[in-house]
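In: I would like the atomic coordinates for the input below:
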Amino acid sequence: MSKGKPPTGKYGNRTPRFDKSGGRGSERPGSQHPDRPRGSNAKPATFKGGKPSFKGPRGDTRFADKGEGPARNPRLERGGAPAKLGSAKFRPEGKPAYRGENFKPGARFDKGPRVDKAPRLDKGPRPPREAREPRAFIPGPIDPNQPQAGGNKVWLYGIHPVLAALANPNRKVLRIALAAEIDASIGPRLASLAEDHPRGLPDAEILSREQIDRLLPRAAVHQGLAALVEGLEDPDLDDIARATEHNDNARVVVLDQVTDPHNVGAILRSCAGFGVAAVVLPERHSPMATAVMAKAASGALERVPFVRVVNLARALDRLKAAGFWCVGLAGEAQTDINAADLTGKIALVVGAEGEGLRRLTRERCDLMVRIPIEKGVESLNVSNAAAIALYELRRRTLD
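Out: Here you go, the predicted model:
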């Protein structure tokens with residue numbers, strides 16, 4: 001069909017009728033408009049002159065009751081803005097916005113006067129907020145010129161670790177912090193340790209627990225007693241060999257990449273209880289002798305020497321040359337520890353949980369043993385396994 005030409009055909013320029021049996025106007029099926037029958041030129045009764053005519057504000061049909069027609073919105077009649085859908089004031093009856101004993105229709109539920117924020121007219125940067133005042137330090141006899149932790153200095157905390165460090169003649173103690181409420185019970189013990197210490201001890205600073213908290217790491221359980229000390233010098237492996245030269249039942253524990261300071265501290269405590277001569281561990285992948293380890297060791301850090309070596313495999317060869325029998329502890333071993341011959345000098349080699357002993361460490365062991373446990377249990381905690389093995393070694397010595 002070309003543009004501009006009227007349609008041609010049976011119906012000419014008129015619109016074709018596709019339903020000849022339906023009738024015209026209101027008689028035609030599907031006619032829904034009651035005021036304007038289909039096919040009629042009459043206009044709807046609600047329109048005058050072709051333009052809509054309204055006699056007032058349009059009623060808001062959302063809040064009208066069924067069967068009564070559209071209801072007027074009182075806010076529109078006053079010239080205000082229409083109420084938001086779902087507001088508490090214009091909700092349908094029976095559906096309050098807030099339910100409860102104190103509910104009042106039309107009440108405001110926000111607290112405080114309503115304040116309208118004025119728009120910012122300037123485009124410059126916002127002024128900085130006022131800095132908060134630092135937390136006030138509780139006054140007390142703390143000298144800022146006193147030595148602080150850092151380098152080779154570390155704070156030890158807890159009654160047992162601190163008293164053990166003060167009793168160690170090889171420890172150099174720099175400061176002692178004591179809570180006022182335990183001064184009556186711990187003060188005489190500190191005075192006795194100061195008299196027996198070859199280097200002497202500094203006077204205890206009587207502080208509050210809050211002041212001691214500020215000197216220590218967060219969440220440190222200090223029990224009201226802390227001490228700033230210098231680290232101990234690690235002995236050499238040759239020193240351990242000379243110290244155990246005439247002891248046919250000497251025991252040494254070797255740790256292969258045990259990195260948790262809590263586990264190392266617990267192993268130290270077991271070593272002190274079963275008379276172990278030293279603990280050997282690599283310089284890398286092993287924790288330092290911190291306050292966490294001292295707290296877990298409960299004083300054993302002052303009694304059991306720490307030997308740090310560069311190469312653990314060569315250290316085992318050195319122990320073999322000194323007459324030690326290297327026994328590795330592994331869950332997949334074929335020999336039970338209670339059935340093995342564990343007489344003479346024993347170097348008990350313990351690996352990390354999960355990974356166990358490394359390949360070079362296994363190759364240096366003379367015997368691999370296991371602790372018989374129930375099937376379905378993969379392994380024991382490394383500190384628990386070491387304690388059980390040390391008890392078995394101790395029992396052989398007593399027999």
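In: dihedrals phi and psi, residue 255?
Out: phi -110, psi 120 (degrees, to the nearest 10).
In: and what of residue 333?
Out: Dihedral angles phi and psi of residue 333 (degrees, to the nearest 10) take the values phi -70, psi 160.
In: go ahead and confirm it touches residue 365.
Out: No. Between residue 333 and residue 365 there is no contact, the gap being 9.7 Å when judged by CB atoms under 8 Å. For every residue, glycine as well, the C-beta is placed using N, CA and C.
In: partner strands of the one helix or strand residue 175 maps to, with direction?
Out: Element membership of residue 175, judged by DSSP states H and E, is strand 173-179. Strand pairing for strand 173-179, determined by DSSP bridges: strand 205-207 (parallel), strand 225-230 (antiparallel).
In: now the ones you listed as CSV including distance to residue 153, mean pLDDT and mean neighbour count?
Out: Formatted as CSV, the entries for these read as follows, by distance: least, CB to CB, whole Å; pLDDT from 0 to 100; neighbours: other CB atoms under 10 Å:
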stretch, distance to residue 153, mean pLDDT, mean neighbour count
strand 205-207, 16, 88, 18
strand 225-230, 6, 91, 23
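In: the helix or strand hosting residue 184: which residues count as buried?
Out: Under the criterion DSSP H and E, the helix or strand holding residue 184 is helix 183-196. Applying a neighbour-count criterion of 16 or more other CB atoms under 10 Å, the buried positions in helix 183-196 are 186, 190, 193-194.
In: tell me what angle it forms with strand 173-179.
Out: Counting by axes from the mean of the first three to the mean of the last three CA atoms, to 10 degrees, helix 183-196 points 160 degrees away from the direction of strand 173-179.
In: pretty sure residue 292 contacts residue 263?
Out: No. Under the criterion of CB under 8 Å, residue 292 lies out of contact with residue 263, with a separation of 10.9 Å.
In: between those two, who's got more neighbours?
Out: More neighbours sit around residue 263 than around the other of residue 292 and residue 263, counting by other CB atoms under 10 Å; the figures are 22 against 18.
In: re the thing from before, packing partners for the helix holding residue 184?
Out: In terms of contact count using 3 or more CB pairs under 8 Å, 6 or more residues apart in numbering; DSSP states H and E, helix 183-196 is assigned the packing partners helix 159-167, strand 173-179.
In: contacts for the shortest one?
Out: To tie it back to what came earlier, the one meant is strand 173-179. 146-147, 153, 162, 165-166, 186-187, 190, 197, 199, 201-209, 211-212, 215, 224-230 (CB atoms under 8 Å, 6 or more residues apart in numbering).
In: same check on stretch 370-379?
Out: 329-338, 353-354, 380, 385, 388-389.
In: write the ChimeraX selection for whichever of the residues you listed are buried.
Out: The following ChimeraX command selects only the buried members of the contacts of stretch 370-379, with burial defined by 16+ other CB under 10 Å:
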select :329,330,333,337,353,380,385,388,389
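In: in helices, which of the contacts of stretch 370-379 appear?
Out: Taking DSSP state H, the ones among those that sit in helices are 385, 388-389.
In: want to throw these into CSV with distance to residue 274 and pLDDT?
Out: Formatted as CSV, the entries for these read as follows, by distance: CB to CB, whole Å; pLDDT from 0 to 100:
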residue, distance to residue 274, pLDDT
385, 14, 93
388, 11, 94
389, 10, 94
